[in-house]
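Show me how the following folds:
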Amino acid sequence: MKLLLSASAIIIATGILALLWALLQFLIIARIPVRSQEVTDSTSLVNGSNDEATTLRLIEIYEAIYEGADSFLKAEYAVCTLFVSVFSVVVFVLVSWGTGWDMTRGFFTALSFVLGAATSMASGYLGMKVAVYSNVRTTVSAQKSGWTACFNTAFRAGAVMGFALCGLGMLMLYFTLLAFRLKYSEPEEWIYLTESITGYGLGGSCIAMFGRVGGGIYTKAADVGADLVGKVVHGIPEDDPRNPATIADNVGDNVGDVAGMGSDLFGSFAEATCAALVIGSSIGISGGWDAMMFPVVVSAVGIVVCLICSFIATNILPVKTEAHVEQALKLQLISTTVLMIPSIYFAAQGFLPKEFDLKATVGDDTFVLHPWQAWLCVCMGAVGGLIIGLITEYYTSASYAPVQEVAHSCKTGAATNMIYGIALGYKSAIIPVIVLALVIYGSFTLCDMYGVALAAIGFLSNLATGLTIDVYGPVCDNAGGIAEMAELEPYVREKTDALDAAGNPPAAIGKGFAIGSAALVSLALFGAFVTRIRIASGDKLFSQGVNMLEPLTFAFLIIGGMIPFAFAAMTMKSVGVAAMQMVMEVQRQFDEKPHLLDANPTERPDYDACIVISTKAALKEMVPPGAMVILTPLLTGIFFGVNAVSGLLVGSLVASVQLAISMSNSGGAWDNAKKYIEKASPDSELKGKGSDIHKAAVVGDTVGDPFKDTSGPALNIVMKLMAVLSLVFADTFYAINEGSGLLNLS
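Okay, here's the model as predicted:
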């Protein structure tokens, strides 16, 4: 079955559709005025009654959050722009030299690196702008009776980010491919085209590293500082306007949980696509351009599927009660996964020939593959991602036994809470790792390493929906913070808290998708690295695979396993250092202005001082861990050669995936255990808010903050960035003593 439309038509049309859909969602949100309003049955979102003082306060808070987020991202991206400017020259020189001074390949790789970095920064900045613009409107919508208006506002805010990022990322990648095709027009030359496009993934991943680490340090420094001094020491509510760190905390949600996360998932999409294109470049010779572009077509189909399924949440089954919120979000992930299965089947039948050849990653065999095999690999990824996500939810949702056990452990203090939470994280890695192993085995058996790359694409096939839900959470969190700071009626905060809490389990599912896809992307990139070394060496190296018992390879496998722990230690300590500064600043203000703690204080805290602390700390502390991840594979390849790099990548992958799952799930469990206790009544077994049990839970939640929002998610980038960087510089590494490095120890 052949389709009438070409791959180019499908990809470009769906990319434009995604951007238009994002614009439409934004315009719907923009119709909501920032106006505090009383709630009656006849209240309209557009024509509500206006409480002038409260409205002015809403606008004041909104502008403070926007200015804080905008100034931080501009400062962060100034550092990133300087890095991109310098490193693009490094890419150009080393790639050109490694390919025998092929300036064209060096220039194309450097250009795609710059484009990937620019797209990643644009995605992060766009996400921040939309989130800040929407959170105050979610607060306003929560003043209206019912749940539909406030849920749809937050959901549409997420959709703007999700569809805009997917459309922009895919269009930029594909137009770059078409531009490079003008030079490499023959199918036999497309291997050089796909090798040049790997810079796109490297650029996206580098910005994701700085965005995730910098944003994560910013948000958790403010969060930890606000929690320790505010909730634990002085017993004032979260987001209380009397707390000097509360604006910085809300700013952090936008720069870390939205901008950083957007750059991270954009990087995953770019790297997975690049890996599939490099490994599957030989498909173009037998199957043509459309067949080689099948991985991009999968992403295009995913955009359409996610768009159709979004109507379920906003129109077909609108949210009408609190209980429906979590169901609506979870249904999005399940429905998109289920609908992707038949959709990808038709795409595979339409764009892949009945038979196509694929050169084996290891050995001299050439496989004859069929469309159903490629389809099955994508399905394995999509279904495997959903299973991992649901397991993640089981271990992090207060609806299930593991988190409830953690909550009850707080009855004997913070120490037992720590023990239970860490144990939960380790235990939660077992089933996801087994699922990943099964997906890797099945996809590799069907389509060699190309199958693993397709499975990674399958994990990310409903990326637009995953991003929608990921952004939804911070928007609701900020909306609640704004309601608290503007001193709106308690029911508004209760409603936004319910929306936020309901978004936690689906967001946990999304984190499961992200970690699983990162593991598969890293393995696929490693396969692409092996392929490039085989081509560069004329099959002198790695033709029969990588020998892990080679002394140098095994030595660096151990070193690679250490890298994630070193990275986690650096980022955790960075949060701790910044949080200490924040704690001291908040306490200084309370000491100098004791009237701040009055029930109705006459003066406002100095919010800007806390924003400055978070900004300076994040910009300073994000550089060392990022430099370690970028320089380690580069220096290893230059000095020790390709065998050492192979060991490094495998060790890093194996350790990163386990540590990422355990840290993210421990942090999520501590967070939801605290919320579970907060819902308890004072005369219940858990005593509720303000009790010693609650304080023990807050300590766990505070420790878990950098686990789940700084170190854990950034480990995804560690394994991907090291692998894609090695892929980009593969020819350079081989050019140094035929892959033995300057020290020539092999």
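
low-scoring pLDDT stretches of the stretch 601-746 of the chain, where are they?
746 (pLDDT under 70).

Same question for the stretch 101-250 of the chain.
Ranges of the stretch 101-250 of the chain meeting pLDDT under 70: 230-233, 238-239.

for the stretch 251-400 of the chain, what spans make up the helices?
261-279, 283-287, 289-292, 294-311, 322-351, 371-396 (DSSP state H, counting those that start in this stretch).

Which residue comes closest to residue 217 once chain neighbours are left out?
The shortest distance from residue 217 to any non-neighbouring residue, by Cβ to Cβ, 6 or more residues apart in numbering, is to residue 618 (4.4 Å). For every residue, glycine as well, the C-beta is placed using N, CA and C.

That neighbour: what's it in contact with?
Contacts for residue 618 were tallied using Cβ atoms under 8 Å, 6 or more residues apart in numbering; they are 72, 76, 214, 215, 217, 218, 221, 578.

Confirm for me that residue 244 is in contact with residue 586.
Yes. Counting by Cβ atoms under 8 Å, residue 586 is a contact partner of residue 244 at 5.0 Å.

shared neighbours, those two?
Here residue 244 and residue 586 have residue 610 as joint contacts, going by Cβ under 8 Å, 6+ apart.

any idea which helix or strand comes after the helix or strand harbouring residue 424?
Following DSSP states H and E, one finds residue 424 within helix 414-428. Per DSSP H and E, helix 414-428 leads on to helix 430-459 as the next helix or strand towards the C-terminus.

where exactly do the strands run in this structure?
Taking DSSP state E as the test, the strands found in the chain are 356-359, 366-369.

Just send these back as CSV, with mean neighbour count, distance to residue 389 and mean pLDDT too.
CSV is the format used below for the strands of the chain (neighbours: other Cβ atoms under 10 Å; distance: least, Cβ to Cβ, whole Å; pLDDT from 0 to 100):
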stretch, mean neighbour count, distance to residue 389, mean pLDDT
strand 356-359, 20, 30, 84
strand 366-369, 16, 29, 87
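
right, so of these, which gets closest to residue 646?
Closest approach to residue 646 among these (Cβ to Cβ): strand 356-359, 19.3 Å.

Sheet-wise, list the partners of the closest one with their directions.
strand 366-369 (antiparallel) (DSSP bridges).

Not counting sequence-adjacent ones, nearest residue to residue 169?
For residue 169, ignoring the flanking residues on the chain, the nearest one in space by Cβ to Cβ, 6+ apart is residue 266 at 5.2 Å.

Assess the claim that the one you found and residue 164 are in contact.
No. Using Cβ under 8 Å, residue 266 is not in contact with residue 164, being 10.6 Å away.

So for the two, which sits in the more crowded spot?
It is residue 266, of residue 266 and residue 164, that has more neighbours when counted by other Cβ atoms under 10 Å, with 31 against 26.

Contact partners for the more buried one?
Shown in contact with residue 266 (Cβ under 8 Å, 6+ apart): 119, 120, 123, 165, 169, 204, 208.

distance of the residue lying closest to the first one once chain neighbours are set aside from residue 116?
By the measure of Cβ to Cβ, 6+ apart, the closest residue to residue 119 outside its immediate chain neighbours is residue 172, 4.9 Å from it. Look at residue 172 and residue 116: by Cβ to Cβ, to the nearest Å, they are 8 Å apart.
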